[in-house]
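Visitor: return a 3D structure for these sequence lines:
(one chain, ligands or ions: 1)
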Amino acid sequence: MKVVAFSGSPRAQGNTRTLLDEVLRGATSEGATCEFVDVGSADIRPCKACQSCSTRGTCVQKDGMEQVYPKILEADVLVLGTPVYFWGPSAQMKTFIDRWYALVSGRGRNELRGKKAVVVTAYGDTDPSTPQHVVGMFRTAFHFIGIDLVGTLGVTAIGSDDAAGNEEALMEAFEMGRRICGKANAES
Ligand SMILES: Cc1cc2nc3c(=O)[nH]c(=O)nc-3n(C[C@H](O)[C@H](O)[C@H](O)COP(=O)(O)O)c2cc1C
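Guide: Just a heads-up that it's a prediction; the model follows:
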């Protein structure tokens, strides 16, 4: 099983990264092959809505997504991590997700249907409803695409190393990684 985590945080070593690393550590402990992709620092430009993907089958833009598209396609489980920015995902994460258009709209094909995904959020607020719009966006988009949302994790953290000092959150992230790989799923 291949698990690929995508971070939409501009902080290369921030809370999102810390939580995603734990999810991947949990998945690795169950035998998964894991990879991390730093979407937050990749050169990924916004979708131009040119619809070329619908006719050509691929995106016309030549940028960092050329390297990232194959990693999305290789994944059995997509782990999407983003900080909450003004109750939504980071601009980097949203830009990345919009570019999935080329994977779901091209010539009537949908290359993402049947994959599993989990959503991980970090946010400064202590209100657990803070990531509701981020999770809602993913939930609805995944339903449309045919991706199975198998888990969500939201963690309060504001300083970039807050999550690293939150033992409970680290354990939850690790367990989520185990669970998505099946064995722990069967146990719970
Ligand atoms: C532009 C910006 C907007 C933010 N908006 C929110 C918000 O709406 N709600 C919230 O709880 N935290 C908000 N935060 C705090 C971040 O979500 C928080 O610091 C998070 O832990 C950052 O994750 P990271 O370390 O992975 O980048 C915001 C931070 C920034 C820089």
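Visitor: element containing the residue minimising distance to the centre of the chain, please.
Guide: Residue closest to the mean C-alpha point of the chain, counted by Cα atoms, centre = their mean, is Leu80 at 1.0 Å. If you go by DSSP states H and E, Leu80 is part of strand 77-85.
Visitor: for Lys48, which non-adjacent residue is spatially closest?
Guide: Counting by Cβ to Cβ, 6 or more residues apart in numbering, Gln61 is the residue found nearest to Lys48 once chain neighbours are left out, at 7.0 Å. (C-beta placed from N, C-alpha, C; glycine too.)
Visitor: tally of neighbours for the one you found?
Guide: By other Cβ atoms under 10 Å, 18 other residues sit near Gln61.
Visitor: what's the answer for Ile72, then?
Guide: Considering only other Cβ under 10 Å, Ile72 is surrounded by 19 other residues.
Visitor: render the CA-only coordinates of the host helix or strand of it in PDB, please.
Guide: Secondary-structure assignment from DSSP H and E places Ile72 in helix 65-74. Listed next in PDB are the C-alpha coordinates belonging to helix 65-74 (Å, rounded to 0.1, in the frame of the first residue of the first chain):
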ATOM      1  CA  MET A  65       2.600  19.800 -10.700                       C
ATOM      2  CA  GLU A  66       4.300  17.800 -13.400                       C
ATOM      3  CA  GLN A  67       6.300  16.100 -10.600                       C
ATOM      4  CA  VAL A  68       3.400  16.000  -8.200                       C
ATOM      5  CA  TYR A  69       0.700  14.500 -10.500                       C
ATOM      6  CA  PRO A  70       2.400  11.000 -10.600                       C
ATOM      7  CA  LYS A  71       2.600  11.000  -6.800                       C
ATOM      8  CA  ILE A  72      -1.100  11.600  -6.500                       C
ATOM      9  CA  LEU A  73      -1.800   8.800  -9.000                       C
ATOM     10  CA  GLU A  74       0.500   6.400  -7.200                       C
END
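Visitor: so what's the residue nearest to the centre of the chain up against?
Guide: Ala5, Phe6, Gly8, Met93, Ile97, Ala117, Val118, Val119, Val120, Phe138 (Cβ atoms under 8 Å, 6 or more residues apart in numbering).
Visitor: enumerate every residue touching the second one.
Guide: Translated: Phe6. The neighbours of Phe6, taking Cβ under 8 Å, 6+ apart as the test, are Val37, Val39, Val68, Ile72, Leu78, Val79, Leu80, Gly81, Met93, Phe96.
Visitor: okay but the third one is in contact with Asp38, surely?
Guide: No - the pair Val68 and Asp38 does not pass the contact test of Cβ atoms under 8 Å, sitting 9.9 Å apart.
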